[in-house]
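J.: fold the stuff below for me.
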Amino acid sequence: MPAPELSSLRSPRVVAARRLAKRSFRGKERRFLAEGPQAVREAVDHLIEVYVTEEAAERHADLLETVSVAGVPVLSASEEVVAAMSDTVTPQGLVGLCRFLDTPFERVLETRPRLVAVLAHVRDPGNAGTVLRCADAAGADAVVLTDASVDVYNPKCVRASVGSLFHLPVVVGVPVDRAVGGLRGAGVRVLAADGAGRDDLDTELDRGSMGGPTAWVFGNEAWGLPEETRELADAVVRVPIHGKAESLNLATAAAVCLYASAREQRRR
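T.: Below is the predicted model of the structure:
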């Protein structure tokens, strides 16, 4: 078998890819890495090139054919090189180098969105990626990450989204007041999801007020939304706890809220 095209950790290509583990380098280069066959498959339209081990190339031959047909270079790499590029404990032998894909906030507003998830002060990349996946599954029109939230291109966030990062418009770096103001100006009702909410989700559903364009604002995993953010919203809504659980985690609460809105919007 021929030697892999990338076998040295000192190769400029490999060094550049490894630097993308840091947010500052991702922002400067506007590039990020997507690991594994699922991510690479979903990222085809955003790929710059793909690095793959010999074993993974045999296992995912059909996927690599699709990537090649799309005009994306596929480079063979040693297991050591791919492992160095990977963020996971057990690398899958396949890494894609991708372009940033965030969408300008104004472009999202121009589409007159009906369902939007806003992540304000969300710091955990796994939670952010999971909420993005929930929003995608619920049929949301966009996800907005405020300037106080985690980097959506963090490897853990990309992995937790399970490909959903590549499915719907994602806006990054918008101040929360601008996000809320812009959405309200576009005719979207803004609901802050918070355990301190005066109304609960059941009440909102019973009122029949959930069928119109809606944006849900989700806060930090530990302390929720600050008072100044709650005051920006049209209403502060809590997810009712009917059992003995103290609370719901961020991703679960987001899924409940987004699906409640999606159901009402489709019913009407």
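J.: going forward, measure contacts and count neighbours with C-alpha atoms only.
T.: Noted.
J.: in the stretch 1-150 of the chain, where is pLDDT below threshold?
T.: 1-3 (pLDDT under 70).
J.: could you pull out the helices for it?
T.: Remark: helices assigned in the stretch 1-150 of the chain by DSSP state H, counting those that start in this stretch are 12-19, 23-29, 36-42, 54-59, 61-69, 79-85, 105-110, 125-137.
J.: can I get the ones you listed in CSV including distance to residue 173 and mean neighbour count?
T.: CSV is the format used below for the helices of the stretch 1-150 of the chain (distance: least, Cα to Cα, whole Å; neighbours: other Cα atoms under 10 Å):
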stretch, distance to residue 173, mean neighbour count
helix 12-19, 21, 16
helix 23-29, 11, 15
helix 36-42, 23, 19
helix 54-59, 36, 15
helix 61-69, 31, 15
helix 79-85, 26, 21
helix 105-110, 9, 15
helix 125-137, 14, 24
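J.: tabulate these (a markdown table), appending distance to residue 184.
T.: What follows is the helices of the stretch 1-150 of the chain, written out as a markdown table (distance: least, Cα to Cα, whole Å):
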| stretch | distance to residue 184 |
| --- | --- |
| helix 12-19 | 39 |
| helix 23-29 | 29 |
| helix 36-42 | 32 |
| helix 54-59 | 48 |
| helix 61-69 | 41 |
| helix 79-85 | 42 |
| helix 105-110 | 10 |
| helix 125-137 | 19 |
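J.: for residue 152, which of those helices is the nearest?
T.: helix 125-137 (7.2 Å; Cα to Cα).
J.: packing partners of the closest one?
T.: Helix 125-137 sits against strand 115-119, strand 142-146, helix 155-160, helix 250-267, with contacts defined as 3 or more Cα pairs under 8 Å, 6 or more residues apart in numbering; DSSP states H and E.
J.: just put the ones you listed in JSON lines and tack on distance to residue 67 and mean neighbour count.
T.: Listed next are these as JSON lines, based on distance: least, Cα to Cα, whole Å; neighbours: other Cα under 10 Å:
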{"stretch": "strand 115-119", "distance to residue 67": "31", "mean neighbour count": "26"}
{"stretch": "strand 142-146", "distance to residue 67": "26", "mean neighbour count": "26"}
{"stretch": "helix 155-160", "distance to residue 67": "19", "mean neighbour count": "22"}
{"stretch": "helix 250-267", "distance to residue 67": "32", "mean neighbour count": "18"}
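J.: picking that back up, which one, of the helices of the stretch 1-150 of the chain, ends up nearest to residue 150?
T.: Between these, helix 125-137 lies closest to residue 150; by Cα to Cα that is 6.1 Å.
J.: burial of residue 96, as a residue count?
T.: Using other Cα atoms under 10 Å, residue 96 has 27 neighbouring residues.
J.: so in terms of bridging, what pairs with the residue lying closest to it once chain neighbours are set aside?
T.: Nearest-residue entry for residue 96: residue 50, 4.4 Å, with adjacent residues in sequence omitted and distances by Cα to Cα, 6 or more residues apart in numbering. Per DSSP bridges, the residues bridged to residue 50 are residue 74, residue 96.
J.: pretty sure residue 50 is touching residue 73, no?
T.: Yes - when contacts are counted by Cα atoms under 8 Å, residue 50 is listed as touching residue 73 (6.3 Å).
J.: and these two? Which one has more around it.
T.: Between residue 50 and residue 73, counting by other Cα under 10 Å, residue 50 is the more crowded of the two (24 against 15).
J.: separation between the more buried one and residue 140?
T.: Residue 50 sits 29 Å away from residue 140, taking Cα to Cα, to the nearest Å as the criterion.
J.: rewinding a little: got a list of what the residue nearest to residue 96 touches?
T.: Counting by Cα atoms under 8 Å, 6 or more residues apart in numbering, residue 50 touches 72-75, 94-97.
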